[in-house]
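Peer 1: show me how the following folds:
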Amino acid sequence: MLTAICIVGASLFFTGRLASRLAVEERKRVALFAEGVKYIAIAPNDEEISLATNIITQDSTIPRIITDEAGHIQDLKGLDTSGVKDVPGFLKKKMEEFRKQNPPIRVQFEFGSVLIYYGESNLLTSLRYFPYAQLAIIALFLVVVVISIGTAHRSIQNQVWVGLSKETAHQLGTPISSIEGWMEIIREELPDNDYVAEMQKDVDRLKLVADRFSKVGSEPKRQVENLVPRLQEMVSYMQKRAPGKVRISFATNADDVEANVSGALFDWVIENLIRNALDAMEGVGNIRILLEETDTTVLIDVSDTGKGIPKHQIARVFQPGFTTKKRGWGLGLSLARRIIENYHDGTIAVKQSEVKKGTTFRIVLPKA
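Peer 2: Numbering: from 1, shown residues only. I've put the predicted structure just below:
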């Protein structure tokens, strides 16, 4: 962009100088025309009159209007009035335009004088506007470059996310299989132990996480589901793993709220929002999930009473790599947006946030 500005600036400077020199040359030509007009009146013979007439009629590139002292038009040069309905009005407008561009040249005769009004030739006009045309072309080029870079950048991000996700799923597969084997041995030794049952839930959760990662980058299978029991189960699962002074609640305005979702990926988004809320509250506070439906959409609000997000950071929370935590890669919310927008045709955004009071994220999905 800096290079483009320098190019346009240099072009404006040199074109301006060239236009000024060309304007001086054109005034000399009009002055020569004026001398020719004057010479015709005093030429001693027809041969010299013919020569002067030939000189002044050859130059038709500079538009001119010749008037008497009273402003009555005597002659025109370089102006095409064919097809003009109001010729007097057109010529009057041109005279005003020429007067603003250049001072008229007066030709004095014994019996009076005439005024020659002249404008710029097409060449001079084109030269004056050339830098602006160049600026427009460079600006268009820069826009195309920026769009191309942005598209390439998003494509690279997508490839990195997909590759990272599938590799993560692959790496998790082996230890999960091993843990499942050990769980079978433990279950045989302690068949009715409550801790074993909870451990099995966490193993199942690990399998679910691996399944989620494996689905990133491929078109997920969606089906119409009632979100009420799904969200209730998520709240129950996360409440058992939350600090003792954190309460997670769920509310809805209907018993049956259906949306077309990929269950595993949808749960991932909700779990990610709840975990972010837990990190923001630092062990104490409330998390509230509100599920509502309208005529056409399903609204899911995840609110917390944590530290909130400063206003200058709200626009960046969904950017890859952005995080306010000491640990983490800053990909959670970015992946959540990808899942909601690309796979569920919905939107996710920060509904409201206030420092030291809390944050509310809103998910909007099409109603099934």
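Peer 1: okay, now the domains of the protein?
Peer 2: Segmentation of the chain into domains, based on automatic domain parsing, reads 2-120, 219-366.
Peer 1: kindly reformat the ones you listed as JSON lines containing mean pLDDT, distance to residue 201 and mean neighbour count.
Peer 2: Every C-beta, even on glycine, is put in place using the N, C-alpha and C of the backbone. Written out in JSON lines, the entries for those read as follows (pLDDT from 0 to 100; distance: least, Cβ to Cβ, whole Å; neighbours: other Cβ atoms under 10 Å):
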{"stretch": "domain 2-120", "mean pLDDT": "79", "distance to residue 201": "58", "mean neighbour count": "14"}
{"stretch": "domain 219-366", "mean pLDDT": "89", "distance to residue 201": "7", "mean neighbour count": "17"}
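Peer 1: export those to JSON lines and tack on distance to residue 131?
Peer 2: Supplementary listing: the domains of the chain in JSON lines, determined by distance: least, Cβ to Cβ, whole Å:
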{"stretch": "domain 2-120", "distance to residue 131": "4"}
{"stretch": "domain 219-366", "distance to residue 131": "36"}
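Peer 1: how about residue 117, secondary structure?
Peer 2: Using DSSP: H, G, I helix; E, B strand; the rest coil, the secondary structure recorded for residue 117 is strand.
Peer 1: now the helices for the protein?
Peer 2: Remark: helices of the chain, listed N- to C-terminal, are 2-42, 46-58, 87-101, 122-189, 194-215, 227-240, 263-281, 311-314, 332-338, 344; assignment by DSSP state H.
Peer 1: and the angle from the longest one to helix 87-101?
Peer 2: Interaxial angle of helix 122-189 relative to helix 87-101 (axes from the mean of the first three to the mean of the last three Cα atoms, to 10 degrees): 80 degrees.
Peer 1: the fifth one now?
Peer 2: With the same axes, to 10 degrees as the basis, helix 194-215 and helix 87-101 are set at 110 degrees to each other.
Peer 1: which other helices and strands does helix 194-215 contact?
Peer 2: Under the contact criterion of 3 or more Cβ pairs under 8 Å, 6 or more residues apart in numbering; DSSP states H and E, helix 194-215 touches helix 122-189, helix 227-240, helix 263-281.
Peer 1: now with 6 Å?
Peer 2: In terms of contacts (3 or more Cβ pairs under 6 Å, 6 or more residues apart in numbering; DSSP states H and E), helix 194-215 is packed against helix 122-189, helix 263-281.
Peer 1: buried set for it?
Peer 2: Across helix 194-215, burial judged by 16 or more other Cβ atoms under 10 Å covers 199-200, 207, 209-210, 212-215.
Peer 1: can you put those residues in CSV and add distance to residue 18?
Peer 2: Converted to CSV, the buried residues of helix 194-215 look like this (distance: Cβ to Cβ, whole Å):
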residue, distance to residue 18
199, 83
200, 83
207, 75
209, 69
210, 69
212, 65
213, 64
214, 65
215, 64
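Peer 1: quick one: which of the helices of the chain is nearest residue 246?
Peer 2: Residue 246 sits nearest to helix 263-281 of all these, at 6.2 Å, using Cβ to Cβ.
Peer 1: CA atoms only for that closest one, dumped as PDB, please.
Peer 2: Backbone C-alpha positions of helix 263-281 (Å, rounded to 0.1, in the frame of the first residue of the first chain) are rendered in PDB as follows:
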ATOM      1  CA  GLY A 263     -25.100 -34.000  18.500                       C
ATOM      2  CA  ALA A 264     -21.400 -34.600  19.200                       C
ATOM      3  CA  LEU A 265     -20.300 -31.200  17.700                       C
ATOM      4  CA  PHE A 266     -23.200 -29.300  19.300                       C
ATOM      5  CA  ASP A 267     -22.200 -30.700  22.800                       C
ATOM      6  CA  TRP A 268     -18.600 -29.700  22.100                       C
ATOM      7  CA  VAL A 269     -19.700 -26.000  21.600                       C
ATOM      8  CA  ILE A 270     -21.800 -26.000  24.800                       C
ATOM      9  CA  GLU A 271     -19.100 -27.700  26.800                       C
ATOM     10  CA  ASN A 272     -16.500 -25.300  25.500                       C
ATOM     11  CA  LEU A 273     -18.600 -22.300  26.600                       C
ATOM     12  CA  ILE A 274     -19.200 -23.800  30.000                       C
ATOM     13  CA  ARG A 275     -15.500 -24.500  30.500                       C
ATOM     14  CA  ASN A 276     -14.600 -20.900  29.500                       C
ATOM     15  CA  ALA A 277     -17.200 -19.700  32.000                       C
ATOM     16  CA  LEU A 278     -15.600 -21.900  34.700                       C
ATOM     17  CA  ASP A 279     -12.200 -20.400  34.000                       C
ATOM     18  CA  ALA A 280     -13.600 -16.900  34.100                       C
ATOM     19  CA  MET A 281     -15.200 -17.400  37.500                       C
END
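Peer 1: chain center to that helix: distance?
Peer 2: Taking the mean of its C-alpha atoms, helix 263-281 sits 29 Å from the chain's own mean (Cα atoms, centre = their mean, to the nearest Å).
Peer 1: what's it packed up against?
Peer 2: Using 3+ Cβ pairs under 6 Å, 6+ apart as the contact criterion, the neighbours of helix 263-281 among helices and strands are helix 194-215, helix 227-240, strand 297-304, helix 332-338.
Peer 1: got a list of contacts for the last one?
Peer 2: Outside helix 332-338, the residues that touch it by Cβ atoms under 6 Å, 6 or more residues apart in numbering are 269, 272, 317-318, 320, 348.
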